[in-house]
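Colleague: The following comprises the amino acid sequence and a computationally predicted model.
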Amino acid sequence: MRRVPWLGVLLCLSLAACEGGSGGGASVERSVNDLETLVSTVGYTEAYSDEYQPPSIGDIAAFQQSLEYLFTGDRAAASRRAADIGYELTQVRDALGAEYACLRERPSRVLGRGLYCLRMQGGEDVHVSAPHPHYDIDTDIQSAAVVRGVGARYYSLSTAHRCSSIARSPCDGSTLACGAPGYRISDAAHNTQSFFQEFTVWVAGRAPSAWHVQLHGCSAAFCPSGTEADVVAHLSAGSREILPDSAPVNRLNAALRRRVQAVRPSATTHSCSSRADADDRTLCSTANTQGRYLNGSTDACTAPAASAADSRFLHIEQNLDLRRVDSAADPITPQLLIDAINEALLGRR
Ligand SMILES: [Zn+2]
């Protein structure tokens, strides 16, 4: 779709934040009212399409510079640098007054490199990410709700289906998620040469105390929904290390499980780092490249994490129930996770 020149002018008249870009154009090219709308309208590369194109080292440098400009409030410079890699700036101003500046691919050139947002004022040092849209069903929309519910300052969403590419990722790990064994280069949680990985690296550098909450969906085989023994979530810090109850991953697990069991006593949640859950060590994300980076790996692609003892990484595998609001009477919804994060990580009751 081509933009009409006057649309930008109208947009600017309605936005205090509009600034002149190069050649006098607007630096903010689109504006939407909530993150869910943005997430549901960005372009994605779909499964087995082979349309995902990994960025070059130069592309990653331009992406990092664009983030840096956004962080310092120079939207015009951020927009110009983003244009060099086929990205544009979209502003989100939601009903609660939170404003986000988001870098998205231009609709005319969708390569599946992701959507990235920074909250411009206020908020909490939390990075919410969703690496597997359209595979981990509903985690795209749900992640936007979690960003708002916890007031996260940072948001990353892969816009490539994890099975988009045919080429194998050079990074560790094995999976049958895409038919033939192995992770694909389009798998945002298992490839380091990506904007998605760079965003985590950049946030960790700018906000070392930020929590990185990564949302996934797990299959009914591991995380049954609607049974007499639901497993609503598997949590990990990117490790199978047993950690004390005071470790963030175990605190978050306890806060979530308490909420889940208050509304459905037969259901539970598990932590890969809890001694009490020692009989269940599945889905512990030890090869996740963001988790490895945050946990001190020397090479997140090929080397295991050093230690998860002080991990800021929280990997959450969710059953279908937790990812969405099924009906007005549904007691297991994303709000339970939002409330648990607010309590366990941000000290809000
Ligand atoms: Zn996943």
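Modeller: Received, thanks.

Colleague: Check which helices and strands the one helix or strand residue 255 maps to is in contact with.
Modeller: Assigned by DSSP states H and E, residue 255 belongs to helix 248-263. Packing partners of helix 248-263 (3 or more CB pairs under 8 Å, 6 or more residues apart in numbering; DSSP states H and E): strand 231-236, strand 268-271, strand 313-318, helix 334-344. All C-beta spots, glycine's among them, are computed from the backbone N, C-alpha and C.

Colleague: For the ion, which of these is the nearest?
Modeller: strand 313-318 (7.2 Å; CB to the ion).

Colleague: tally of neighbours for the residue in the stretch 151-300 of the chain that the ion sits nearest to?
Modeller: Proximity to the ion, evaluated over the stretch 151-300 of the chain using CB to the ion, is greatest for residue 216 at 3.3 Å. Burial measure for residue 216: 23 neighbouring residues, criterion other CB atoms under 10 Å.

Colleague: residues touching the residue in the stretch 51-200 of the chain positioned nearest to the ion, list them.
Modeller: Checking the stretch 51-200 of the chain residue by residue against the ion with CB to the ion singles out residue 132 as nearest, at 3.6 Å. Contacts were defined as CB atoms under 8 Å, 6 or more residues apart in numbering; by that measure residue 132 touches 139, 158, 161-162, 187-189, 216-217.

Colleague: let's go with 7 Å and repeat that
Modeller: With contact set as CB atoms under 7 Å, 6 or more residues apart in numbering, residue 132 has these partners: 139, 158, 162, 189, 216.

Colleague: Not counting its neighbours along the chain, what's nearest the second one?
Modeller: Taking CB to CB, 6 or more residues apart in numbering as the measure, residue 158 lies nearest to residue 188, with 3.6 Å between them; neighbours along the chain are not counted.

Colleague: With the fourth one instead?
Modeller: In this structure, residue 189 finds its nearest non-sequential neighbour in residue 131, 4.0 Å apart by CB to CB, 6+ apart.

Colleague: Residue 256 against residue 233, yeah?
Modeller: Yes: A contact is recorded between residue 256 and residue 233 when judged using CB atoms under 7 Å, the distance being 6.1 Å.

Colleague: which secondary element of the protein has the worst mean pLDDT?
Modeller: With mean pLDDT, DSSP states H and E as the measure, the helix or strand of the chain carrying the lowest mean pLDDT is helix 5-14 (a mean of 36).

Colleague: so what strands line up beside the following helix or strand past that helix?
Modeller: Remark: after helix 5-14, the chain's next helix or strand is strand 28-32, criterion DSSP H and E. For strand 28-32, the paired strands and their directions (DSSP bridges) are strand 87-93 (parallel).

Colleague: Now do the partner strand: distance to the chain's middle.
Modeller: In this view, strand 87-93 has its centroid 17 Å away from the chain centroid, taken as CA atoms, centre = their mean, to the nearest Å.
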